[in-house]
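# below are the sequence and a predicted model; questions follow.
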Amino acid sequence: MLIILWTSISLMLLCAILPIKNNAKRIIGSAGWGTFSIHWLQQPLHYLAIDDYVNVVLTVAMSAFCLLIARTMYLEYINKYTPMEKNLDITYMATNAIAIGSLVYFPFAEIPLLNEWLISMVSNHIIWTLGILGYSADKAGNMITYNGHTVEIILGCTAIESIALFMGLIASVSAPVKKLLAAFMVSIPVIYILNILRDVFVVVAYGEMWFGPNSFEIAHHMIAKAGSGVALFVIAYAVMRILPEILELISGLWDITTEQVHNLKKKV
């Protein structure tokens, strides 16, 4: 249900906006994470229906992770927790990252007008790039046909998930504007351009049957996905070199998760 998703995002945004000394910030953030957990817990049934067991595991894990963060913030609230003197509060940073990232991603995922606009823009850029490279392709809506073979451009072909992730991470840290802009430039534009090239590769490989009858599957599911994984790893490394605070955030979340799991095990 969309009401659950938007409620969780609204609560996290409110948590992000409230002053750090306002103790209500903790309980609002906890409620946001708890509601976000419910959103993710709704997803496995969809993936089970299409036999996508990898995403079943990922969505269940995400739901559990959200619950652990919600529990952490709730315990900090009832204990009247005061943030450490060093300017790094992991749960606040994580909440800000999720709130901003969600605000970037979910409007495109859930609002048809924005969804169609983004897919259309990416499709146009694919056609333009194909033309620059000397490949003549036709576009009808979000369908691109080259050499008699058609590829459908969907939201997953736009890289909006990765863009939202990096936007959330970069915007969640406290750093000089110059460093934030540098991290933005080595991530967001690069991700978008590389994604267009990835889509172009899939269209051409499928259209020219570079890998035989299974050209689309090999080009998209294997080569393009592997290439995307390597590219994101390199981009993440570059961003963390510019903003080491992100590495501290990831390390802190890992510590919180393992600590909460350990505490729960002791109670069982």
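Arrived safely. Residues are numbered from 1 along each chain as shown.

# contacts and neighbour counts: CA atoms only from here.
OK.

# show me the domain layout of this structure.
Using automatic domain parsing, the domain parsing of the chain gives 1-82, 112-268.

# need these in TSV (columns: mean neighbour count, distance to residue 96 and mean pLDDT).
Shown next, in TSV, are these (neighbours: other C-alpha atoms under 10 Å; distance: least, C-alpha to C-alpha, whole Å; pLDDT from 0 to 100):
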stretch	mean neighbour count	distance to residue 96	mean pLDDT
domain 1-82	18	6	82
domain 112-268	16	5	90
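
# residue 95: which of the ones you listed is closest?
domain 1-82 (6.0 Å; C-alpha to C-alpha).

# need the contact list for the closest residue to residue 218 other than its chain neighbours.
Using C-alpha to C-alpha, 6 or more residues apart in numbering and skipping the chain neighbours, the partner closest in space to residue 218 is residue 211 (7.0 Å). Residues in contact with residue 211 (C-alpha atoms under 8 Å, 6 or more residues apart in numbering) are 205, 218-219.

# for residue 77, same thing?
When contacts are taken as C-alpha under 8 Å, 6+ apart, residue 77 is in contact with 23-24, 26-27.

# one step back: so which of the contacts of residue 211 sit within strands?
If you go by DSSP state E, the contacts of residue 211 have nothing in strands.

# against residue 219, how distant is the residue nearest to residue 218?
Applying C-alpha to C-alpha, to the nearest Å, the value for residue 211 to residue 219 is 8 Å.

# quick check: neighbours shared by those two?
When contacts are counted by C-alpha under 8 Å, 6+ apart, residue 211 and residue 219 have residue 205 as shared neighbours.

# C-terminal to the longest helix seen in the chain, what's the next element?
Assignment by DSSP state H gives helix 53-78 as the longest helix of the chain. On the C-terminal side of helix 53-78, the closest following helix or strand by DSSP states H and E is helix 90-110.

# elements contacting that next one?
For helix 90-110, the elements it packs on are helix 2-17, helix 112-132, helix 160-172, helix 244-267, judged by 3 or more C-alpha pairs under 8 Å, 6 or more residues apart in numbering; DSSP states H and E.
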